[in-house]
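Engineer: below is the sequence, then the predicted model.
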Amino acid sequence: MKRKLIFIGGIHGVGKSTLCNKLACELKVPHFSASELITRAKTGLFTKSKSVANVAKNQDVLVTALDEFVDAPSFILDGHFALFDVNKEVQLVPEETFASIAPIAMCVLTCDVKVVLDRIAARDGIQHDKSAYKALSDNELANAKSIAEKLNIPIFVHDTNNDILELTHFISSHLE
């Protein structure tokens, strides 16, 4: 039986964990974090600032970690479509990663960048450059749409300030 993976992406601080936990509870499916699976499979790939030393290598580890640690037939996986490298340059998560993990549907979360930066400051005590996060957010959305189109995967764009009813319906329709 083919697994049913719903991928939910968004930049750091957009509210992926909060939203995915709500969805997992409501839809009664497990939720996994790509970064937690990667960390579990291999340490030393992240820096404290949430930048990634080698984005492509990190994603290869994710593919292996999914096979090794996740045996659920249906689940939500949160992660990214774009990340900062150690030089604070935006790096796109490769299309090949998504082809390898084979999501049946994807969602990209959006939110006003100022709100995101306020959340990160409150949560992590770190101030970030607004223009850098705006570029990250723009690349996240563009790469999500591009990957969805290239791989012919349905995608839902959700502003985290909005009600989750439509998103819940979108996801549940693909899990049936």
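Structural biologist: Nice, thanks for sending it over.

Engineer: and the strands in the protein?
Structural biologist: For the chain, the strands defined by DSSP state E occupy 4-9, 31-33, 74-79, 82-84, 90-92, 105-110, 155-159.

Engineer: which helix or strand in this protein has the lowest average pLDDT?
Structural biologist: helix 55-69 (a mean of 77; mean pLDDT, DSSP states H and E).

Engineer: against residue 114, how distant is residue 24?
Structural biologist: Taking C-beta to C-beta, to the nearest Å as the measure, residue 24 falls 28 Å from residue 114. For the C-beta atoms, the positions are set from N, CA and C on the backbone; glycine is no exception.

Engineer: of the two, who's got more company?
Structural biologist: residue 24 (16 against 11; other C-beta atoms under 10 Å).

Engineer: so where's the chain uncertain?
Structural biologist: Where the chain drops to pLDDT under 70, the residues are 1, 43-59.

Engineer: tell me where it has helices.
Structural biologist: Using DSSP state H, the helices of the chain run over 16-27, 34-41, 55-69, 95-101, 113-124, 130-151, 165-175.

Engineer: stretch 77-90: end-to-end distance?
Structural biologist: 21 Å (C-alpha to C-alpha, to the nearest Å).

Engineer: same check on stretch 140-159?
Structural biologist: 13 Å.

Engineer: and for it, what's in contact with it?
Structural biologist: With contacts defined as C-beta atoms under 8 Å, 6 or more residues apart in numbering, stretch 140-159 is touched by 9-11, 19, 80-82, 92-93, 95, 98-99, 103-111, 164, 166-167, 170-171, 174.

Engineer: now stretch 165-176
Structural biologist: Contacts for stretch 165-176 (C-beta under 8 Å, 6+ apart): 4, 6, 19, 23, 26-27, 29, 74, 76, 104-105, 107, 154, 156, 158.

Engineer: now the phi/psi pair for residue 125, please.
Structural biologist: With angles defined as degrees, to the nearest 10, residue 125 sits at phi 70, psi 20.
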